[in-house]
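Chemist: Got a predicted structure plus its sequence, pasted below:
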Amino acid sequence: MERDFSDVRDVVRGYVALFEKATSGEAYNLGSGKSTSVRSILERLRGLCRVPIEVETDPKKVRSGEIPRIVASNAKIESATGWRPQIALEQTLADQLDFWRRELSR
């Protein structure tokens, strides 16, 4: 299963761009334009960790019938506002991990 993950900082910039420049009543997609599997994100996070992380999947939480791949098209919002995502997924993951390290060390 792959999804389009976006950094909240990019999404907020997108909302501001829509508010300032988009046509009222139109629908726009906000997203990275790339699909990434949850497993890939997990593996990237494990690579950033300082201690080994064991992963277990709870079969009761795995849903059948999921759409295998979802990706946003940014063409319309980029054309209307010039917005494009700027923060790479790797940066988002590193920033989140650093945030939680600081929080837990307090």
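Modeler: That came through fine. All of these numbers come straight from a predicted model, not from anything done at the bench. Residues are numbered from 1 along each chain as shown.

Chemist: tell me the helices in the protein, going along the chain?
Modeler: In the chain, helices defined by DSSP state H lie at 8-21, 38-48, 75-81, 89-104, listed in chain order.

Chemist: Would you mind listing the buried residues in the shortest one?
Modeler: Read that as helix 75-81. If you call a residue buried by 16 or more other Cβ atoms under 10 Å, then helix 75-81 has these buried ones: 77-78, 81. Backbone N, C-alpha and C define where each C-beta goes, glycine included.

Chemist: again, but for the last one
Modeler: For helix 89-104, the buried set under the neighbour-count rule, 16+ other Cβ under 10 Å, comprises 89, 92-93.

Chemist: Helix or strand with the lowest mean pLDDT in the chain?
Modeler: helix 38-48 (a mean of 93; mean pLDDT, DSSP states H and E).

Chemist: List the buried residues in that one.
Modeler: Quick answer for helix 38-48 (16+ other Cβ under 10 Å): residue 44.

Chemist: residues touching the nearest residue to residue 45 once chain neighbours are set aside, list them.
Modeler: Residue nearest to residue 45 in three dimensions, not counting chain neighbours: residue 93, with 5.7 Å by Cβ to Cβ, 6 or more residues apart in numbering. Going by Cβ atoms under 8 Å, 6 or more residues apart in numbering, residue 93 touches 41, 44-45, 48.

Chemist: before we move on, back to that, and of the helices of the chain, who's closest to residue 27?
Modeler: Residue 27 lies closest to helix 75-81 among the helices of the chain, at 8.2 Å (Cβ to Cβ).
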